[in-house]
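1. Give me coordinates for this.
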Amino acid sequence: MVAISGLVSISFRSLEVAQVIALAQQAGLGSIEWGGDVHVPPGDVETAQRVAAATAKAGLTVSAYGSYYRVGVSETADEPLRFADVLASARALGAPWIRVWAGRGGSAQADAAAWAAVVADSKRIADLAGAAGIRIAYEYHGGTLTDSNDSAQRLLDAVDHPQVYSYWQPPNRQDVDYCLAGLQALLDRKRLANLHVFHWTFEPEQIRHPLAAGAEPWSRYLAAIAAADPETERCYSLEFIRGDDAAQCCEDAATLSAWLAGKA
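-> Reported below is the predicted structural model:
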């Protein structure tokens, strides 16, 4: 399994870019997914160039540009987010992926028009990104058309574009078998991009745990990836760290690195 450990910058929104980079170095991580809400605003090419240079100088790679572009929605909103601005920042950042959100609203509430808008816009932005050598990946997330295993596959089927993939993270409030089935479906169709890595439970409220507490489910997820697609390079990025704490980030990074090295 070709794996690069990483950090999602939005896990530490309160930190400056230099502090996020220093934390990633301290934790022994290899990459950063830079978020578009705070650290690398869409359309601010100068900032993206500075962040790219600082990341490279630190010996880290940029795993992706984590945008908040909602496919089929953002350019028609009252305060539109233009994909051209998202793409400009991703290019300046040197990001190989742009993470996007599959619409606004869950699949159970989405009507035919909402589906059509997401599908059409996905193809449009994939063409634009592809011309720049960048791929598109949906956030695998509630409140969007990737909020269930079936809906995520339905969307990928409908879009059917070589530049469109999906991120993956364990869906909230689902058992391990359900989570594994969704991951396996992405692997089977060769549409898995990078992963967001964390461990939560719901008792009934959300509780964040040290990543080491998730060893059992994550061992199954990583084994599935290693068995199905051992040659593709992917970034496994820490997100939603307990207490938003730097020391916990370093502890989780050590856990993740051990898992990726097959030492867990």
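2. quick one: average confidence on the longest strand along the chain?
-> Across the chain, the strand with the greatest residue count (assigned by DSSP state E) is strand 61-70. Taken as a whole, strand 61-70 has an average pLDDT of 98.
3. Show me which positions of whichever helix or strand comes after it end up buried.
-> Past strand 61-70, further along toward the C-terminus, the next helix or strand under DSSP states H and E is helix 83-93. By neighbour count, with 16 or more other Cβ atoms under 10 Å as the criterion, the buried positions of helix 83-93 are Phe83, Asp85, Val86, Leu87, Ala88, Ser89, Ala90, Arg91, Ala92, Leu93. In this view, the C-beta of every residue, glycine as well, is placed from N, C-alpha and C.
4. re the thing from before, run me through the strand neighbours of the longest strand of the chain, direction for each.
-> Note on strand 61-70: by DSSP bridges, its sheet partners are strand 31-35 (parallel), strand 97-101 (parallel).
5. export the buried residues of helix 83-93 to a markdown table and tack on distance to Asp188 and pLDDT?
-> Formatted as a markdown table, the entries for the buried residues of helix 83-93 read as follows, by distance: Cβ to Cβ, whole Å; pLDDT from 0 to 100:
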| residue | distance to Asp188 | pLDDT |
| --- | --- | --- |
| Phe83 | 29 | 98 |
| Asp85 | 35 | 98 |
| Val86 | 29 | 98 |
| Leu87 | 30 | 98 |
| Ala88 | 34 | 98 |
| Ser89 | 33 | 98 |
| Ala90 | 28 | 98 |
| Arg91 | 31 | 98 |
| Ala92 | 35 | 98 |
| Leu93 | 31 | 98 |
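6. Export the longest strand of the chain to CSV, keeping only CA atoms.
-> C-alpha atoms of strand 61-70 as CSV (Å, rounded to 0.1, in the frame of the first residue of the first chain):
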residue,chain,number,x,y,z
THR,A,61,3.7,17.9,-0.1
VAL,A,62,0.3,19.4,-0.8
SER,A,63,-2.2,16.5,-0.9
ALA,A,64,-5.2,18.5,-2.0
TYR,A,65,-7.0,21.8,-2.0
GLY,A,66,-9.9,21.4,0.3
SER,A,67,-12.5,23.7,-1.2
TYR,A,68,-15.9,24.5,0.0
TYR,A,69,-17.3,24.6,-3.6
ARG,A,70,-20.8,23.0,-3.6
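7. now the helices for the chain?
-> Using DSSP state H, the helices found in the chain span residues 17-26, 45-57, 83-93, 112-131, 149-159, 176-188, 215-228, 246-260.
8. Which one of those lies nearest to Ser5?
-> Between Ser5 and the helices of the chain, the shortest separation by Cβ to Cβ is 5.2 Å, and it involves helix 246-260.
9. Mind listing what's buried along the closest one?
-> The neighbour-count criterion (16+ other Cβ under 10 Å) identifies Ala246, Gln248, Cys249, Cys250, Glu251, Asp252, Ala253, Thr255, Leu256, Ser257, Trp259, Leu260 as the buried residues of helix 246-260.
10. Check stretch 130-143 too.
-> Applying a neighbour-count criterion of 16+ other Cβ under 10 Å, the buried positions in stretch 130-143 are Ile134, Arg135, Ile136, Ala137, Tyr138, Glu139, Tyr140, His141.
11. do the same with stretch 182-192
-> For stretch 182-192, a neighbour-count test (16+ other Cβ under 10 Å) marks Gly182, Leu183, Gln184, Ala185, Leu186, Leu187, Arg191, Leu192 as buried.
12. Report how many residues lie close to Asp244.
-> Residues lying near Asp244 (other Cβ atoms under 10 Å) number 14.
13. you'd agree it is up against Phe12?
-> Yes. The criterion here is Cβ atoms under 8 Å, and Asp244 meets it with Phe12 at 6.7 Å.
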